[in-house]
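Novice: Below are the sequence and a predicted model; questions follow.
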Amino acid sequence: MAITVEDIKKLKELTGIGLTDAKTALVDAGGDFDKALEALRKKGLTKAEKKGDRETREGIIDSYVHSGRIGVVVEVNCETDFVARLPEFKEFAHQIAMQIAAMAPVYSTIEDIPADVYEAKKKELLESDSLKSKPAEMAEKIVEGQLKKHFAEQVLSEQAYVLDDSKTVGERIKEQIALSGENIRISQFKRIELGVTE
């Protein structure tokens, strides 16, 4: 595969590394952009992942109402008040509110799933007839995949992003982290649908 200047620039923007490092990663991946990005993620070189542990005490609360029938309030956090006031940050928060309205997630991240809920589903899947003949290690791997698939629609960060379904919401958040230079977190949200009670 040919390595293009556009790919080098895109990789640089998404990861926050220098142009030379971006080009090297693409050369190592034989020009395959996705492979290069994945390799950098595994090495922990992406700017977004480095910032993932930083505290997020600022941010905004945004809301979205769809056709007077679905309402969403979401808290999107960042590190500084400066970033929280930027128009692109406000637009991002609004897009997340729209995502929640459209896709009705239950949890923000996989880590937010209560342990008892996760373990109960895991136990149910492990006890299925189709896995009884498989070796324990293989069964565990199969169940991990099934759990990811089961919770994908319920977890905001795992959902396909409604404005560009070639990426997940988690990937969209990482893009915003790279653009803003700050850690960003969706800490809480509430979705209300007319006539539907929890």
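Specialist: Noted; the coordinates are in hand. Quick caveat, the model's predicted, so the values are computed rather than measured. Numbers count the residues shown, from 1 in each chain.
Novice: what are the ranges of the strands in the chain?
Specialist: Counting by DSSP state E, the chain has strands at residues 58-66, 70-78, 185-193.
Novice: Direction included, what does the first one pair up with?
Specialist: Pointing back at strand 58-66 there. strand 70-78 (antiparallel) (DSSP bridges).
Novice: can you list the domains in the protein?
Specialist: 5-45, 58-108+154-193, 114-152 (automatic domain parsing).
Novice: Mean pLDDT added to those domains, as a markdown table?
Specialist: Below are the domains of the chain laid out as a markdown table (pLDDT from 0 to 100):
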| stretch | mean pLDDT |
| --- | --- |
| domain 5-45 | 78 |
| domain 58-108+154-193 | 95 |
| domain 114-152 | 85 |
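Novice: Mean neighbour count, those domains: which tops it?
Specialist: domain 58-108+154-193 (a mean of 18; mean count of other CB atoms under 10 Å). All C-beta spots, glycine's among them, are computed from the backbone N, C-alpha and C.
Novice: Quick one: end-to-end length of it, please.
Specialist: 28 Å (CA to CA, to the nearest Å).
Novice: hang on, the earlier thing: out of the strands of the chain, flag the one nearest residue 110.
Specialist: strand 185-193 (13.0 Å; CB to CB).
Novice: Could you figure out how far the closest one is turned away from strand 58-66?
Specialist: Note on geometry: by axes from the mean of the first three to the mean of the last three CA atoms, to 10 degrees, strand 185-193 and strand 58-66 are set 20 degrees apart in direction.
Novice: just how off-centre is strand 185-193 within its chain?
Specialist: 15 Å (CA atoms, centre = their mean, to the nearest Å).
Novice: now the strands of the chain as a markdown table including distance to residue 40?
Specialist: Listed next are the strands of the chain as a markdown table, based on distance: least, CB to CB, whole Å:
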| stretch | distance to residue 40 |
| --- | --- |
| strand 58-66 | 27 |
| strand 70-78 | 23 |
| strand 185-193 | 22 |
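Novice: So for residue 30, which of these sits nearest?
Specialist: If we rank those by CB to CB, the stretch that ends up nearest is strand 185-193, at 35.0 Å.
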